[in-house]
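Participant: Here is my input; please provide its structure:
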Amino acid sequence: MHLTYRGITLQQKYQPDFVCFDKIIVEIKAVARIADDHRAQVINYLKVTRMQLGLLVNFGSHLDL
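Facilitator: Numbering: from 1, shown residues only. This is a model prediction of the structure:
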């Protein structure tokens with residue numbers, strides 16, 4: 001996803017894990033705990049895309065087994 005700020009295209013790009021049906025952002029993690037940074041990432045994706053639904057899915061880490 002290309003970002004624009006005040007009409008200027010930025011070099012920074014967002015790459016969500018999945019976009020479903022052109023309206024749902026899905027971000028996949030495999031960590032022991034979801035951090036605020038992970039939540040902020042999904043919120044930023046939603047703001048940039050103007051989509052209204054984002055899913056943050058955590059499968060846990062292999063150390064949790």
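Participant: what about K29, neighbour count?
Facilitator: 18 (other Cβ atoms under 10 Å). Where you see a C-beta, it was placed from the backbone N, CA and C, and this is true even at glycine.
Participant: Skip the chain neighbours and tell me the closest residue to it.
Facilitator: N58 (4.6 Å; Cβ to Cβ, 6 or more residues apart in numbering).
Participant: contacting residues around that neighbour?
Facilitator: Counting by Cβ atoms under 8 Å, 6 or more residues apart in numbering, N58 touches K29, A30, V31, R33, I34, H38.
Participant: quick one, what contacts the closest residue in space to the second one that isn't next to it in sequence?
Facilitator: What sits nearest to A30 in space, not counting adjacent residues and going by Cβ to Cβ, 6+ apart, is F59, at 4.8 Å. Residues near F59 by Cβ under 8 Å, 6+ apart: I28, K29, A30.
Participant: If we use 10 Å, what do you get?
Facilitator: Residues near F59 by Cβ atoms under 10 Å, 6 or more residues apart in numbering: I28, K29, A30, V31.
Participant: And for V42?
Facilitator: Counting by Cβ under 10 Å, 6+ apart, V42 makes contact with P16, I25, V26, E27, K29, I34, G54, L55, L56.
Participant: these two touch, right, the first one and I43?
Facilitator: Put plainly, it is P16. No - judged on Cβ atoms under 10 Å, P16 makes no contact with I43 at a distance of 11.9 Å.
Participant: and the residue nearest to the spatial centre of the chain, how far is that from R33?
Facilitator: Taking Cα atoms, centre = their mean, the centroid of the chain lies closest to V42, which sits 3.5 Å from it. Counting by Cβ to Cβ, to the nearest Å, the gap from V42 to R33 is 15 Å.
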